[in-house]
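Engineer: test case, fold it:
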Amino acid sequence: MAFSVSDLAQVRFAVSPMWEVGPSFRLLHSGSAYPVHRPWAEQVRARLAAAGLDRGWLAELIPPSGYVPDFLNPAPAGPAPTLAEELAKIRAAPSTRIRQDLDRLRHEQGRLGPRARTLYAEPQARLVRVAEEIETYWELALAPYWARIRAVLDADIFYRARQVAEHGTSHLFNDLHPSVSWDDNALRLARRPRPLSRNTAGAGLLLIPSAFTGPGPFTRVTPPEPPQLAYPARGTGSLWGPRPITGTDALAAVLGRSRTLLLTELETPVSTTELAHRTGLSAAGVSQCLTALRDAGLVSAHRAGRSVLYARTSVAESVLAASP
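Structural biologist: The predicted structure follows:
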């Protein structure tokens with residue numbers, strides 16, 4: 001894909017919740033998660049099955065391999081749109097766009113599932129159901145882990161921005177992924193089934209780091225929007241590894257020992273009952289501490305069926321990291 005001076009001036013980064021939804025669901029739905037994400041998949045897969053998401057709208061729209069409808073990945077308008085903002089764009093997608101994407105999905109997969117066929121017949125009415133299922137998936141699979149995921153994505157963008165500042169744009173492109181290269185004012189993507197050209201792509205380029213794209217990058221080209229290149233974020237390999245926490249005595253002097261203990265136990269999102277079992281605290285005591293931590297912005301709560309999962313926020317991660 002050739003780049004003009006104007007195109008280079010419009011290259012930008014963005015963090016996109018939907019670029020985590022699609023690839024992460026594909027990993028789970030394929031039945032064999034990329035090894036890096038196995039700890040996460042083992043925690044999440046049972047929740048999705050209990051909610052019926054393994055046989056819902058997303059299961060038909062996001063096949064284990066191949067094309068995913070482009071309307072599920074609207075171009076981020078800013079550097080970090082919320083899921084709600086992206087869902088609003090999905091719900092506003094034109095019927096012609098949806099049917100065109102579903103025609104391509106049918107062509108590549110050989111058929112459409114029953115839900116996808118109703119979406120084709122009544123796009124605007126059924127998009128509401130699709131958006132609702134995406135919200136449910138987000139709450140079960142990604143929201144409890146978002147602080148950790150977002151930290152990896154932000155760190156990647158900071159690193160790439162430093163590359164541009166110190167070495168220039170060509171170095172940035174050549175370091176994104178082995179299949180991506182920059183040569184003679186053109187961006188080349190090896191093994192892409194369809195070539196990119198300015199005749200079929202909008203101006204500029206959106207670079208989107210993703211924790212779940214797996215070993216290779218994904219692209220979305222839907223004029224007049226800029227083409228999107230979602231690439232594996234640096235640091236994903238250590239995303240689910242345990243983080244050693246030491247020297248919490250000073251923090252306990254401020255928060256109290258029970259609350260500090262609960263924060264250290266929230267390495268992965270868990271329920272009140274599980275925290276009580278791990279720590280030996282009463283369920284009522286755990287609930288009281290979690291309420292105080294949530295009010296202070298250190299813990300977030302996420303409903304998973306009949307349970308509520310608690311997770312550390314990015315603020316809590318920073319506080320624990322700063323403990324001497």
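Engineer: CA only for contacts and neighbour counts going forward, please
Structural biologist: OK.
Engineer: from the chain's centroid, how far away is the longest helix anywhere in the chain?
Structural biologist: With secondary structure taken from DSSP state H, the chain has its longest helix at helix 146-167. With Cα atoms, centre = their mean, to the nearest Å as the basis, helix 146-167 stands 15 Å off its chain's centre.
Engineer: next secondary structure after it?
Structural biologist: As assigned by DSSP states H and E, the chain's next helix or strand after helix 146-167 is helix 169-176.
Engineer: could you list the buried residues of that next one?
Structural biologist: 169-170, 172-174, 176 (16 or more other Cα atoms under 10 Å).
Engineer: model confidence over it, on average?
Structural biologist: Averaging pLDDT along helix 169-176 gives 82.
Engineer: equivalent analysis for stretch 261-270, please.
Structural biologist: Stretch 261-270 carries an average pLDDT of 85.
Engineer: give me the residues contacting that stretch.
Structural biologist: 144-145, 242-243, 245, 275, 279, 286, 290, 308-312, 316 (Cα atoms under 8 Å, 6 or more residues apart in numbering).
Engineer: inside strands: which ones of these?
Structural biologist: 308-312 (DSSP state E).
Engineer: now render the residues you listed as CSV, adding distance to Ile62 and pLDDT.
Structural biologist: Listed next are the ones in strands among the contacts of stretch 261-270 as CSV, based on distance: Cα to Cα, whole Å; pLDDT from 0 to 100:
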residue, distance to Ile62, pLDDT
Val308, 27, 87
Leu309, 26, 88
Tyr310, 28, 90
Ala311, 27, 89
Arg312, 30, 88
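Engineer: which pair in those spans the largest distance?
Structural biologist: Greatest spatial distance among the ones in strands among the contacts of stretch 261-270 (Cα to Cα): Val308 and Arg312, at 13.5 Å.
Engineer: gap between Leu320 and Arg312?
Structural biologist: 10 Å (Cα to Cα, to the nearest Å).
Engineer: an error on my part: the question was meant for Thr169.
Structural biologist: From Thr169 to Arg312 the distance is 36 Å (Cα to Cα).
Engineer: do the same with Arg150
Structural biologist: 13 Å.
Engineer: out of the two, which sits in the more crowded spot?
Structural biologist: Arg312 (27 against 18; other Cα atoms under 10 Å).
Engineer: next, count neighbours for the nearest residue to that one once chain neighbours are set aside.
Structural biologist: Nearest non-adjacent residue to Arg312, counting by Cα to Cα, 6 or more residues apart in numbering: Val299, 4.6 Å away. Using other Cα under 10 Å, Val299 is surrounded by 24 other residues.
Engineer: could you check the pLDDT of the residue of the chain positioned farthest from its centre?
Structural biologist: Largest separation from the mean C-alpha position in the chain: Ala253, at 35.9 Å (Cα atoms, centre = their mean). Looking at Ala253, its pLDDT is 85.
Engineer: cool, and Gln228?
Structural biologist: pLDDT, read off for Gln228, is 90.
Engineer: what is the neighbour count of it?
Structural biologist: 25.
Engineer: may I have the beta-bridge partners of it?
Structural biologist: For Gln228, the beta-bridge partners under DSSP bridges are Leu206, Arg220.
Engineer: my read is that it contacts Pro209, right?
Structural biologist: No - contact between Gln228 and Pro209 fails when scored by Cα atoms under 8 Å: they sit 10.5 Å apart.
Engineer: using CSV, write out every CA atom in the helix or strand harbouring Arg115.
Structural biologist: Secondary structure from DSSP H and E places Arg115 in helix 114-121. The C-alpha trace of helix 114-121 is given here as CSV (Å, rounded to 0.1, in the frame of the first residue of the first chain):
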residue,chain,number,x,y,z
PRO,A,114,-29.6,-18.9,11.7
ARG,A,115,-28.9,-15.7,13.7
ALA,A,116,-26.7,-14.2,11.0
ARG,A,117,-29.5,-14.9,8.5
THR,A,118,-32.0,-12.9,10.6
LEU,A,119,-29.4,-10.1,10.9
TYR,A,120,-29.2,-10.0,7.2
ALA,A,121,-33.0,-9.8,6.9
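Engineer: and that helix, what does it pack onto?
Structural biologist: helix 57-61, helix 95-109, helix 123-137 (3 or more Cα pairs under 8 Å, 6 or more residues apart in numbering; DSSP states H and E).
Engineer: I'd guess Glu139 is in a helix, am I close?
Structural biologist: Yes - counting by DSSP: H, G, I helix; E, B strand; the rest coil, Glu139 falls inside a helix.
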